[in-house]
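A.B. asks: No sequence on hand, only this structure:
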């Protein structure tokens, strides 16, 4: 891959989502291949898409599909449903990102998006989203296992017979 | 055989708190036939409520009532302690170390250090040794009394191999209150991990499933969970007569008592005394010295994480899986007074490592660090911090909790000695991992404080502290301080074993006084 060419993931997450309005209310964001969908209720579709891209921008793992980041937005959306202050925080935060460069933040290049995020690092919006991403991305058992945190062990009898001392690379002296 | 006592029964000893201090004291008194009502602010969990999930158990166990941290403390969560039957013994890692001889007389040994409020303990190591012995037997401490040590896990093996390379010699799997073999009704450790989320099989000592059920079986003990004590009452002569507490519904109740023992950890204990001020005790109960709430210590701490050349899986097995003791000595040539221990620590999951490894970090480089999770090794650095008069607990002037009790404000600033020690410890920990080819090393600042000490300290003279060498308040003969608040200084060692030893000693003293009708 050429250094300056956007990789596949970057391309997908900046432009690939399919946003569909619903006849009743709200909207649905589909993955480009329709393999998953996100239907926010408390936040609008543009905000949801922005937060989805932001979650990946904060902790980008090429090996993880967007559905793991969508789960972050889903969790934030659920919380926002009963938290007016959070709804406002998110709406204002997205508006601030969009206002920074004159075009909507999700449509910026990867580098420009990071540069804009850097300018809002100290904001409550940023720290709220960073914490939400940590909790809901790295708190996901599938993601944990993928990166080597093995999770609950008591139901397997602990590690006494499953490698608690199986290290093999240490030098002898 | 759990018993229920009447609110008006003024023959009972009331113990506030059910952790290492309160839970132990309760059982020791009940075993001697003394009737005890233990009031615990938190709910009573069953061991089946303990699951291997850091976030769930943090929410289930932690003391999350509002506290305001100032200075170097986390502003919204200055402490990481528990609000549950068993107190912080549900969360503790199990490290059970005796204080060293010189740590009972630091004013003499360290001298007059500017800015520090050092004081020698009114007791010596020799006086406490028999009680340390009994505490070790009670907890089943590995490496003592022919109790076998635990096997070392991967994280320990990394630390031990590095320790050897840099020349440390006092390295082993620790003195742990975790059974290597079944003992005293508790099973052998299965290297589950998640010790600090509560031991799901009860291999680790906790008052939740050891002292408290034992006390209940005597017929002399009642535990009342969900009971937050807000005030200690006294009579015209200045003797305490009972406590006022908010029950589960928030209704205020008054339990009469002949003796009150306070073991609410080093924030709640002084908070309760300060909130019990009356015209007779205008600065707060037992506070003629003005020392209630002062000299708060939380140990010099820090963490070193390293990305190692191979897989470690540092969450497997006991979390505090071993120790390097070489730096725990007092050696002023290192540029600071006192010493520190180096103890293994794992990562508390991907979310824990992402939150803590570099505060506030994000972006592709940091994501790569997190992807190396299974190559992480880690250790916790814990050493003596110096008591300072201005570090402590005060009551917020206006803000109150749901029971109408002022919110505690906890203030702590490092002394220059604490900072010098931490910097030394970071370098020492880093060297251990670099000796094995660590590719990246991270120095993490202190977590919210779990070792809380000193806010109602023991002193020889009444003017220097709050209680005597038995934890008995200088000002009020039937009021006792029964937790780590009574520590005169903090030592380098994890405090629980000393809290338990002092509780056993206090129980013996108190029982003798009560039996001789001296109280």
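C.D. replies: Now that the structure is in, tell me what you want to look at. It should be emphasised that the depicted structure is a prediction, and the values quoted were computed from it without experimental measurement.

A.B. asks: residue contacts, residue B:441?
C.D. replies: B:304, B:305, B:306, B:307, B:430, B:433, B:434 (Cβ atoms under 8 Å, 6 or more residues apart in numbering or on different chains). Heads up, the C-betas are built off the backbone N, CA and C, glycines and all.

A.B. asks: if I look at it, how far off is residue B:430?
C.D. replies: 5 Å (Cβ to Cβ, to the nearest Å).

A.B. asks: try residue B:417
C.D. replies: Distance from residue B:417 to residue B:430, by Cβ to Cβ: 21 Å.

A.B. asks: Which of these two has more residues huddled nearby?
C.D. replies: Neighbours were counted for residue B:417 and for residue B:430 using other Cβ atoms under 10 Å in any protein chain shown; residue B:417 has more, 23 against 17.

A.B. asks: Residue B:452: what's its closest spatial neighbour, skipping adjacent residues?
C.D. replies: Spatially, and ignoring its direct neighbours in sequence, residue B:452 is nearest to residue B:266 (3.7 Å; Cβ to Cβ, 6 or more residues apart in numbering or on different chains).

A.B. asks: Can you classify that neighbour as helix, strand or coil?
C.D. replies: helix (DSSP: H, G, I helix; E, B strand; the rest coil).

A.B. asks: Then residue B:7?
C.D. replies: coil.

A.B. asks: and what of residue A:167?
C.D. replies: Strictly by three-state DSSP, residue A:167 counts as coil.

A.B. asks: Can you name the residues that contact it?
C.D. replies: B:154, B:157, B:158, B:310, B:311, B:312.

A.B. asks: for the helix or strand hosting the third one, which positions count as buried?
C.D. replies: This points to residue B:158. Using DSSP states H and E, residue B:158 falls within helix B:154-166. For helix B:154-166, the neighbour count (16 or more other Cβ atoms under 10 Å in any protein chain shown) marks B:154, B:155, B:156, B:157, B:158, B:159, B:160, B:161, B:162, B:163, B:164 as buried.

A.B. asks: what lines up beside the host helix or strand of residue B:230 in the sheet?
C.D. replies: Element membership for residue B:230, per DSSP H and E: strand B:228-234. Strand B:228-234 has the following strand partners under DSSP bridges: strand B:240-246 (antiparallel).

A.B. asks: Past the partner strand, which element shows up next along the chain?
C.D. replies: Next element after strand B:240-246 (DSSP H and E): strand B:252-256.

A.B. asks: How far off centre is that following strand?
C.D. replies: 28 Å (Cα atoms, centre = their mean, to the nearest Å).

A.B. asks: next structured bit after that strand?
C.D. replies: According to DSSP H and E, the helix or strand after strand B:252-256 is strand B:259-262.

A.B. asks: my read: residue B:505 touches residue B:129, true?
C.D. replies: No - Residue B:505 is beyond contact range of residue B:129, at 10.8 Å (criterion: Cβ atoms under 8 Å).

A.B. asks: quick one: residue A:116 is in a helix?
C.D. replies: Yes - judged by three-state DSSP, residue A:116 forms part of a helix.

A.B. asks: List the residues that contact it.
C.D. replies: A:97, A:100, A:101, A:105, A:108 are the contacts of residue A:116 under Cβ under 8 Å, 6+ apart.

A.B. asks: Now list the buried members of those.
C.D. replies: A:97, A:100, A:105, A:108.

A.B. asks: Not counting sequence-adjacent ones, nearest residue to the second one?
C.D. replies: The one in question is residue A:100. residue A:116 (4.6 Å).

A.B. asks: Tell me how far the one you found lies from residue A:50.
C.D. replies: 11 Å.

A.B. asks: shared neighbours of the two, anything?
C.D. replies: Shared contacts of residue A:116 and residue A:50 (Cβ under 8 Å, 6+ apart): A:97, A:105.

A.B. asks: For chain A, which residues are neighbours of chain B?
C.D. replies: For chain A, the residues in contact with chain B (Cβ under 8 Å from any Cβ of the partner chain) are A:57-61, A:114, A:117, A:121, A:127, A:130-131, A:134-135, A:138-139, A:143-144, A:147-154, A:157-160, A:162-171, A:173.

A.B. asks: Show me those residues that map onto strands.
C.D. replies: Judged by DSSP state E, strands contain none of the residues of chain A next to chain B.

A.B. asks: Selection in PyMOL covering whichever of those residues are buried, please.
C.D. replies: To isolate in PyMOL the members of these that are buried, counting by 16+ other Cβ under 10 Å, one can use:
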select buried, chain A and resi 57+58+59+60+61+114+117+130+134+135+138+139+143+144+147+148+149+150+151+153+154+158+159+160+163+164+165+167+170
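
A.B. asks: what residue ranges in the chain are flagged as low confidence?
C.D. replies: Picking chain A for this. A:1-17, A:19-26 (pLDDT under 70).

A.B. asks: please go with chain B instead
C.D. replies: Checking chain B against pLDDT under 70 turns up B:1.
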